[in-house]
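In: Sequence first, then the predicted structure, then my questions.
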Amino acid sequence: MIPPPRWPFRALDALRQPDTGQRKVSKGITMEIDVREVEGVIILDMEGRLTAGTGDRVLREAMNQLVADDWKKIVLNLSEVRKIDSAGIGELMASVKLARRFSCDARLLNVKGQVLQILELSQLLPLLNVYQNEKEALASFKTSEPS
């Protein structure tokens, strides 16, 4: 098994020092992503705004790195994403498409609030694998594996 990535991604320079785990305070941050591995699945815990500028770039960088590192099971945890705009929607869909292109499986977790409304209104929700809790999302990978 490949070891988990050695980040969390942090917008506008590293807000968390990799060796200490401590956060720095920084103004203007729109998106933070912590990365963790659970049962062979990479979970991106996203927090902030998935909007044009930093938010969409951070997600793109995270997904590009995960695909390059050959991670096949990815969960995007949107529980702390407060806002999404058209650029964020585009990057979210591009991330799922990138994963599929490289035989990876990207799923969404805890889609709620304004993000849920936007995905419903844009009629994109049926195109995505969405789960309401982490246990369900992790179990879904086990049921979709070939026997």
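Out: Received the coordinates, thanks.
In: got any ranges where the protein has weak pLDDT?
Out: 1-29, 144-147 (pLDDT under 70).
In: Show me what the strand of greatest length in it is in contact with.
Out: Assignment by DSSP state E gives strand 73-84 as the longest strand of the chain. For strand 73-84, contacts defined as C-beta atoms under 8 Å, 6 or more residues apart in numbering pick out 40-51, 59, 63, 66, 92, 95, 99, 104-115, 118-119, 131, 134, 137-138, 141. Yep, even glycine has a C-beta here, placed from its N, CA and C like the rest.
In: In helices, which of those residues appear?
Out: If you go by DSSP state H, those have 59, 63, 66, 92, 95, 99, 113-115, 118-119, 134, 137-138, 141 in helices.
In: Okay, now the sheet partners of the longest strand of the chain, with direction.
Out: Each strand paired with strand 73-84, and its direction, by DSSP bridges: strand 41-50 (parallel), strand 105-109 (parallel).
In: Which among the contacts of strand 73-84 count as buried?
Out: Among those, those classed as buried by 16 or more other C-beta atoms under 10 Å are 41-51, 59, 63, 66, 92, 95, 99, 104-111, 115, 118-119, 131, 134, 137-138, 141.
In: now the strands paired with strand 73-84 as TSV including distance to T30?
Out: Shown next, in TSV, are the strands paired with strand 73-84 (distance: least, C-beta to C-beta, whole Å):
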stretch	distance to T30
strand 41-50	5
strand 105-109	19
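In: Any idea how far the longest strand of the chain is from the middle of the chain?
Out: Averaging C-alpha positions (C-alpha atoms, centre = their mean, to the nearest Å) puts strand 73-84 5 Å from its chain's average.
In: And stretch 48-63, by the same measure?
Out: Distance, centroid of stretch 48-63 to centroid of chain: 9 Å (C-alpha atoms, centre = their mean).
In: do the same with stretch 108-118
Out: 13 Å.
In: same check, this time on stretch 114-123
Out: 17 Å.
In: Same question for stretch 88-96.
Out: 10 Å.
In: same check, this time on stretch 94-109
Out: The answer for stretch 94-109 is 10 Å, by C-alpha atoms, centre = their mean.
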